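Chemist: sequence? don't have it. structure:
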């Protein structure tokens, strides 16, 4: 059957009566008609221009074949206790089928577990919108950030709407207002001071690459030796955010450093590897950035993503077209890249301060 949920509206009710043999379900509290391709088509045609129809439940999932498989067996193999509720296997299977990024998988799993353990004695399916609201209020009272609360909402919606295939039952759940935060940027002098204060050639290459190519931390860790194209002076970033490939700039200075690093450290597969040839850890990169910034005397708290912000801002200040910056960063729209126009200082240099007039 095709279930039809809607806010009370006389026009919609009149149009529903024109559908083939509509009936009312007491169990699900909604109108329904027989599920056929013809009837599904009729719904979209009947309501065209009147309402927006969310028919995601009736269309087959697109399984991306070309990107890397997501390994979340780390979760399945964890030591488990009987006093804690864990996400169901169907949740993990759907994450694997959807091939979400590993960080997204971790976030969804851990956030949903916190939610279900807030109601340890209640069946997941039996939880209502009121319980969800009370849980979100609990997070607000704990002073969780807007980003944290949105992650919690996304994980809950993922289970009920994607895993369970339920209609969009939580469309009325309130989300926190989106915060308009500007990216934090370092000066060129601060970046150079950080590079100068690295412990060894490996750390120097990591810091330099994050800045000079505008890489996300995960992208720098996924780099393989063959991704460094010294002939074209480009870096190939494979299967980045939103499953997109792109190229970024390879600095001549960094290339010289990479050649020294390669001879000294001899990585086998990944450009940056751990002690046993595995991919270098994200926490190690964060530690390198924190320590080098402290040694460089930078007061503000520096994280790896600030180097990417600095890359984009410095390019914009040097007059690089915003569309090129968009391509280098891998943004889908220039609207995302335009945030850097608000922190580029060349926009303010021509303005005379009224106190100095």
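Modeler: Sure, I can see it. Since this is a predicted model, take the numbers as computed values, not measurements.

Chemist: For the rest of this, base every contact and every neighbour count on C-alpha atoms.
Modeler: Noted.

Chemist: all helices of the stretch 101-250 of the chain, in order?
Modeler: With DSSP state H, counting those that start in this stretch applied, the stretch 101-250 of the chain shows helices at 102-116, 129-141, 146-157, 188-196, 201-212, 217-222, listed in chain order.

Chemist: The last one: how far from the chain's middle?
Modeler: The chain centroid and the centroid of helix 217-222 are separated by 14 Å, computed with C-alpha atoms, centre = their mean, to the nearest Å.

Chemist: Ok, the fifth one next?
Modeler: Counting by C-alpha atoms, centre = their mean, helix 201-212 is centred 23 Å from the centre of its parent chain.

Chemist: tell me the mean pLDDT for it?
Modeler: Regarding helix 201-212, the rounded mean pLDDT is 97.

Chemist: Which residues outside the helix or strand of the chain with the lowest mean pLDDT are in contact with it?
Modeler: Among the helices and strands of the chain, helix 346-349 carries the lowest confidence by mean pLDDT, DSSP states H and E, at a mean of 73. Helix 346-349 has contacts (C-alpha atoms under 8 Å, 6 or more residues apart in numbering) with 317, 341.

Chemist: what's the answer for stretch 244-262, then?
Modeler: Residues outside stretch 244-262 that contact it (C-alpha under 8 Å, 6+ apart): 201-202, 205, 208-209, 212-214, 228-230, 233-240, 327-330.

Chemist: Just the pLDDT at the closest residue to residue 42 other than its chain neighbours, thanks.
Modeler: Of all residues not flanking residue 42 in the chain, residue 19 sits nearest, at 7.5 Å (C-alpha to C-alpha, 6 or more residues apart in numbering). We have a pLDDT of 92 for residue 19.

Chemist: All further residue positions should be reported with the first residue as 825.
Modeler: Let's use 825 as the start, then, which means that last one is residue 843.

Chemist: Pull up the gap between residue 843 and residue 875, please.
Modeler: For residue 843, the distance to residue 875 (C-alpha to C-alpha, to the nearest Å) stands at 15 Å.

Chemist: If we go by neighbour counts, what in stretch 944-961 is buried?
Modeler: Of the residues in stretch 944-961, 948, 956, 959, 960 count as buried by neighbour count, 16 or more other C-alpha atoms under 10 Å.

Chemist: for the residue nearest to residue 866, what are its contacts?
Modeler: Contacts of residue 843 by C-alpha under 8 Å, 6+ apart are 857, 863, 866, 867.

Chemist: Report the beta-bridge partners for the first one.
Modeler: Beta-bridge partners for residue 857, by DSSP bridges, are residue 826.

Chemist: okay, how far is it across stretch 1091-1103, tip to tip?
Modeler: Stretch 1091-1103 has its terminal residues 10 Å apart, counting by C-alpha to C-alpha.

Chemist: how far out from the middle of the chain is it?
Modeler: From the chain centre to the centre of stretch 1091-1103 is a distance of 25 Å (C-alpha atoms, centre = their mean).

Chemist: Could you list the residues in contact with it?
Modeler: 1026, 1045, 1046, 1047, 1048, 1049, 1104, 1105.

Chemist: Would you list the buried entries among those residues?
Modeler: Buried by 16+ other C-alpha under 10 Å: 1026, 1045, 1046, 1047, 1048, 1104, out of the contacts of stretch 1091-1103.

Chemist: Could you measure from the second one over to residue 1064?
Modeler: Residue 1045 sits 11 Å away from residue 1064, going by C-alpha to C-alpha.

Chemist: Could you do the last one as well?
Modeler: The spacing between residue 1104 and residue 1064, counted by C-alpha to C-alpha, is 17 Å.

Chemist: now the fourth one
Modeler: For residue 1047, the distance to residue 1064 equals 10 Å [C-alpha to C-alpha].
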